[in-house]
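Chemist: Just to be clear, the model below is a prediction. Sequence and coordinates:
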Amino acid sequence: MASREALRAFQSRLANRLQEARTSGAAAAWLAVEAADARYLFPLSQSGEIFPWRSVQPVPHARPWFLGVANLRGGVSGVVDLGAFVKHVPPPSRSELAHNQCRLVAFNEALNINCVVLIDRLMGLKGVESFVASLTPVDDAPEYFGHSYVDSQGVSWQEINLQALAHNSQFLSISA
């Protein structure tokens with residue numbers, strides 16, 4: 001019970017910091033997330049609302065990474081398992097406890113895509129000062145990969161350009 005309250009408090013603080021960063025031009029540039037044991041950075045200008053896990057209605061004949069659709073604030077949104085999509089692996093089966101930690105991150109409304117990505121954990125906000133090195137994408141990287149960054153603990157973070165992802169033909173082709 002205490003962990004659930006702590007998680008709600010963290011989400012509230014994160015939502016407030018996101019709003020402050022968007023309105024004040026603060027140094028935070030990315031929403032940091034974890035999916036399938038990898039760390040990703042979503043540009044704040046391309047990120048939308050963050051939702052707790054909701055039950056998803058499966059869609060027949062869809063690719064495994066397309067989990068289905070969910071009702072979010074009265075609208076239907078497609079739900080993509082980010083880790084499964086990026087790594088080209090089937091989505092893991094998650095326990096109820098694991099689903100409680102998962103979040104659905106919407107794309108910014110300006111990107112005109114009615115979709116959310118499922119992530120395993122929110123990691124907070126990050127700015128360039130959080131990293132000690134930056135690497136350009138490798139030649140065969142997907143076009144939605146931005147720079148990768150390394151923090152002071154040596155952990156690598158991959159920037160995901162959500163705008164490029166929203167226009168990626170593979171991402172838009174959900175039929176199996």
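Modeler: Looks like it arrived, so ask away.
Chemist: helix, strand or coil for the nearest residue to residue 71 once chain neighbours are set aside?
Modeler: Once flanking residues are discounted, residue 71 sits nearest to residue 54: 7.0 Å by C-beta to C-beta, 6 or more residues apart in numbering. C-beta here means a position set from N, CA and C on the backbone, and glycine is covered the same way. On the three-state scheme (DSSP: H, G, I helix; E, B strand; the rest coil), residue 54 is labelled coil.
Chemist: Return the distance of residue 54 relative to residue 147.
Modeler: Per C-beta to C-beta, to the nearest Å, residue 54 is found 32 Å from residue 147.
Chemist: okay, residue 133: pLDDT?
Modeler: pLDDT for residue 133: 96.
Chemist: thinking it is in contact with residue 149, fair?
Modeler: Yes - using C-beta atoms under 8 Å, residue 133 is in contact with residue 149, at 6.9 Å.
Chemist: Pick out whichever of those two has more residues nearby.
Modeler: Using other C-beta atoms under 10 Å, the more surrounded residue of residue 133 and residue 149 is residue 149, with 22 against 12.
Chemist: Now do the contacts for the more buried one.
Modeler: Residue 149 sits next to 41, 130, 131, 133, 134, 135, 156, 157, 159 when contact means C-beta atoms under 8 Å, 6 or more residues apart in numbering.
Chemist: Now with 6 Å, please.
Modeler: Residue 149 makes contact with 131, 134, 157, according to C-beta atoms under 6 Å, 6 or more residues apart in numbering.
Chemist: Against residue 150, how distant is the second one?
Modeler: Taking C-beta to C-beta as the measure, residue 134 falls 8 Å from residue 150.
Chemist: Same check on residue 121?
Modeler: According to C-beta to C-beta, residue 121 and residue 150 sit 19 Å apart.
Chemist: can you check residue 41 too?
Modeler: 12 Å.
Chemist: Name the residue in the two with the higher neighbour count.
Modeler: residue 41 (25 against 14).
Chemist: Let me see the confidence value for the closest residue to that one other than its chain neighbours.
Modeler: Excluding the flanking residues, the one nearest residue 41 by C-beta to C-beta, 6+ apart is residue 30, at 3.7 Å. The score at residue 30 is 97. That number is its pLDDT.
Chemist: Residue 30: what secondary structure?
Modeler: Secondary structure for residue 30, judged by three-state DSSP, is strand.
Chemist: I'd assumed residue 127 was in contact with it.
Modeler: No - judged on C-beta atoms under 6 Å, residue 30 makes no contact with residue 127 at a distance of 7.5 Å.
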